[in-house]
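Asker: Model the structure of this input:
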Amino acid sequence: MNNKGFTLIELLAIIAMVSILSSLVFFDYNVSNKYFALERSSQKIAQDIRIAQQKSLIGLEGNSGTNGYGVYFSLSSKNNYIIYENNNSTPYYDFGDTISQTIEIEQGIEIDSLSSNGNYTDSISISFFPPGPITYIQNNFLNTEALISLTVSESVGKKRIIRINSSGASEIFDPFNL
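Answerer: Take a look at the predicted model:
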């Protein structure tokens with residue numbers, strides 16, 4: 001007799017293999033989405049820092065008291081940051097400044113840590129003043145560096161760090177792949 005079909009055991013084995021492979025692909029898809037959200041968020045922060053720098057360079061949009069622009073990060077609000085117009089002589093964000101925008105970081109991504117010149121801090125203000133623009137990190141404009149660390153909220157080991165130096169240049173890197 002010629003049997004050209006599949007046995008029940010063969011069908012169950014094929015169904016089990018397809019199930020295992022599809023669950024691996026689905027799991028990897030969720031991990032990839034979080035990785036891309038982290039990447040998009042770090043790129044957005046770097047872009048907003050450059051926009052504040054450019055606004056200061058060409059004097060865009062501000063009111064009559066605006067003398068510079070900046071970006072403010074705080075660990076008390078890990079899911080957003082502020083772009084502001086500097087309206088006084090202090091080279092950092094304070095209550096005399098005007099908030100241009102409050103930017104929400106993508107869901108599932110948060111600010112992990114902030115540091116200035118190697119010292120961890122609760123907040124960082126990066127300000128730009130014409131004509132250079134001159135870059136102030138915290139209250140300093142010479143030989144300073146700020147690090148903004150982003151992480152996936154529910155994952156240890158996925159981070160991006162945005163480094164800004166005293167010339168206003170920024171770079172994004174993965175601290176685990178140096």
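Asker: T98 against N67, yeah?
Answerer: No. Applying Cβ atoms under 8 Å as the test, T98 and N67 come out as separate, 11.4 Å apart. (Each C-beta comes from the backbone N, C-alpha and C, glycine too.)
Asker: intersection of neighbour lists for the two?
Answerer: N87 (Cβ atoms under 8 Å, 6 or more residues apart in numbering).
Asker: Tell me which of the two has more neighbours.
Answerer: More crowded of T98 and N67, by other Cβ atoms under 10 Å: N67, with 16 against 12.
Asker: Check that one and give its pLDDT.
Answerer: Looking at N67, its pLDDT is 86.
Asker: Skipping adjacent residues, who's closest to it in space?
Answerer: N86 (5.8 Å; Cβ to Cβ, 6 or more residues apart in numbering).
Asker: Partner strands of the helix or strand containing V71 and their direction?
Answerer: V71 is part of strand 68-74 when elements are defined by DSSP states H and E. Here strand 68-74 has these sheet partners by DSSP bridges: strand 80-86 (antiparallel), strand 123-129 (antiparallel).
Asker: tell me the average confidence for the last one?
Answerer: Over the span of strand 123-129, the pLDDT mean works out to 93.
Asker: and what of the first one?
Answerer: With pLDDT averaged residue by residue, strand 80-86 scores 94.
Asker: Other residues contacting it?
Answerer: Contacts for strand 80-86 (Cβ under 8 Å, 6+ apart): 45, 48, 51-52, 61-63, 66-74, 93, 97-105, 111, 127, 129.
Asker: PyMOL command for the buried members of those?
Answerer: To isolate the buried members of the contacts of strand 80-86 in PyMOL, using 16 or more other Cβ atoms under 10 Å:
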select buried, resi 45+48+51+52+62+66+67+68+69+70+71+72+73+74+93+97+100+105+111+127+129
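Asker: any chance of the strands paired with strand 68-74 in JSON lines, plus distance to E154?
Answerer: Shown next, in JSON lines, are those (distance: least, Cβ to Cβ, whole Å):
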{"stretch": "strand 80-86", "distance to E154": "19"}
{"stretch": "strand 123-129", "distance to E154": "24"}
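Asker: any idea which of the ones you listed is most buried?
Answerer: strand 123-129 (a mean of 23; mean count of other Cβ atoms under 10 Å).
Asker: what does the helix or strand following that one contact?
Answerer: Going down the chain from strand 123-129, the next helix or strand is strand 134-137, by DSSP H and E. Under the contact criterion Cβ under 8 Å, 6+ apart, strand 134-137 has outside partners 53, 70, 91-92, 116, 124-129, 141, 144-146, 164-168.
Asker: same thing with stretch 141-158?
Answerer: Under Cβ under 8 Å, 6+ apart, the answer for stretch 141-158 is 34-35, 37-38, 41-42, 45, 73, 91, 105, 108-118, 124, 126, 134-138, 159-166, 175-176.
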